[in-house]
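Q: Generate a structure from the sequence data that follows.
(one chain, ligands or ions: 2)
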Amino acid sequence: MCAAAQTALAAQGSPARPFFYEGLEEHIHRIPESIRSVLNEFKDSSSLCALRISGVRVDPDRCGPTPLSWQEALDCGRQALEEAQLALLAASLGEVFAWPTIQRGRMVQNLVPVESDREEQSGHGSVALEWHTEDGFHQDRCRYLALLGIRNPGRVPTTLGTVNDVRLTEHHRSVLRERRFLIRPDLEHLRQLARIAPDSDMLRRAREMYENPEPAALLFGDPESPCLRIDAPYTTAVADDGEAAEALAAIVDELTRAQQDVVVGQGDVLIVDNYRAVHGRRAFLPRFDGTDRWLKRMSVAGSPLSTTTPGASARVLTI
Ligand SMILES: O=C(O)CCC(=O)C(=O)O
Ligand SMILES: [Fe+2]
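A: Numbers count the residues shown, from 1 in each chain. Ligands and ions are numbered 1, 2, ... in the order given. Here you go, the predicted structure:
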């Protein structure tokens, strides 16, 4: 894995930039077959909603201290080898992309606790991060989300909830399949956009999505093997729809009942199927002294509804 990443780095430059991903196929083929076959199994499965791969080579000394903000890490190349390993795994699942609004379009984002963002519902907060589909408000949200642990000294868990594990009444299921919910964009998008492009059409569109969101369904796709979309802090039922509000509360409660904690420790990669699983993070107490939890994040586009045989339940595999 590390050898494949080293060769890719030498040929393609920094994984933080889009150029790295052009013509990457020959490097993806150098990933060990054992890992590629698990990734393919994951991709084809509707029962596996998340996958943890351990053993990615992370050198904490070379990586350096945990940055105190994502801005500080923007142009740092010290974790290029770690990023290249994550990038090869992510790119083998589909097309990697980044939002221009998040961390200035860096292809690999840094998730570090930021002192001024303590209370935020974002990767930079340290209060409990509630259930969310990554970029759940957006129709072009990622199909897969990949997280790599650079360090996680307190073994603070990422939380996982899957659509396969929720038990709901048929009535709640049918309400959740109707466009009776509003999912607003998270404030991180709006805040960063206001900073980098205050007069842009993009900001106007994002504000419109916040002020006037289109009603959406939270369950969709094959009724036997549905997909899920939710962002708990930003999702409400449409006005005066008590039935929808009740179904929303029921699915949030069920996700919590069946919650799994997954620690993304140093050298672990967690891949989440963003159409079948939601995630969050437990609260923790950062020290803001360079030793804090530090994850790298990537987004992968992909076919939203590649369904195969529905499985019994979700598993988290470790290889
Ligand atoms: O920190 C984590 O474990 C998850 C963070 C997260 O959900 C995100 O940044 O999208
Ligand atoms: Fe997230």
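
Q: what's the burial count for A16?
A: 25 (other Cβ atoms under 10 Å). Using the backbone N, CA and C atoms, a C-beta is placed for each residue, glycine as well.

Q: Phi and psi next, for it.
A: phi -70, psi -20 (degrees, to the nearest 10).

Q: Distance of it relative to ligand 1?
A: 17 Å (Cβ to the nearest ligand atom, to the nearest Å).

Q: And E95, by the same measure?
A: Look at E95 and ligand 1: by Cβ to the nearest ligand atom, they are 19 Å apart.

Q: Who are the contact partners of that residue?
A: Listed by Cβ atoms under 8 Å, 6 or more residues apart in numbering, the contact set of E95 reads 21, 300-302.

Q: swap the cut-off to 7 Å and go again
A: Residues near E95 by Cβ atoms under 7 Å, 6 or more residues apart in numbering: 300-301.

Q: who in the stretch 101-250 of the chain is up against ligand 1?
A: 111, 123, 129, 134, 158 (Cβ under 6 Å from any ligand atom).

Q: Am I right that the third one is in contact with Q121?
A: Yes: if you go by Cβ atoms under 7 Å, L129 and Q121 touch, sitting 6.2 Å apart.

Q: Tell me both backbone torsions, phi and psi, for the residue in the chain that ligand 1 sits nearest to.
A: Here the residue of the chain nearest ligand 1 is G123; by Cβ to the nearest ligand atom that distance is 2.6 Å. In terms of degrees, to the nearest 10, the main-chain angles of G123 are phi -60, psi -10.

Q: Please identify the buried residues of stretch 116-134?
A: Residues of stretch 116-134 classed as buried under the neighbour-count rule (16 or more other Cβ atoms under 10 Å) are 117, 120-126, 129-134.

Q: go on, stretch 162-173?
A: Within stretch 162-173, the residues scored as buried using 16+ other Cβ under 10 Å are 162-166, 168, 172-173.

Q: Please state the offset of it from the chain centre?
A: 22 Å (Cα atoms, centre = their mean, to the nearest Å).

Q: And the contacts of it?
A: So stretch 162-173 is contacted by 47, 49, 219, 226-228, 247, 250-251, 254-255, 258, 276-277, 313-314 (Cβ under 7 Å, 6+ apart).

Q: now do the same end-to-end measure for it.
A: Distance between the two ends of stretch 162-173: 15 Å, counting by Cα to Cα, to the nearest Å.

Q: quick one: low-confidence parts of the protein?
A: Residues of the chain meeting the criterion pLDDT under 70: 303-319.

Q: For it, which segments count as helices?
A: Secondary structure of the chain (DSSP state H): helices at 2-12, 25-28, 33-44, 60-63, 70-73, 80-91, 170-176, 187-196, 201-211, 242-257.

Q: To Q103, which of the ones you listed lies closest?
A: Among the helices of the chain, helix 70-73 comes nearest to Q103, with 5.1 Å by Cβ to Cβ.

Q: Any part of the closest one near ligand 1?
A: No: Helix 70-73 stays clear of ligand 1 (Cβ under 6 Å from any ligand atom), getting no nearer than 10.4 Å.

Q: still on that earlier bit, quick check: the farthest pair among the buried residues of stretch 162-173?
A: Among the buried residues of stretch 162-173, the pair separated by the greatest distance (Cβ to Cβ) is T162 and H172, at 16.7 Å.

Q: As TSV, the helices of the chain with distance to C142 would be great.
A: Converted to TSV, the helices of the chain look like this (distance: least, Cβ to Cβ, whole Å):
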stretch	distance to C142
helix 2-12	21
helix 25-28	18
helix 33-44	14
helix 60-63	25
helix 70-73	18
helix 80-91	10
helix 170-176	22
helix 187-196	14
helix 201-211	17
helix 242-257	19
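
Q: Of all those helices, which one comes closest to W294?
A: Proximity to W294 (Cβ to Cβ) singles out helix 60-63 among the helices of the chain, at 7.8 Å.
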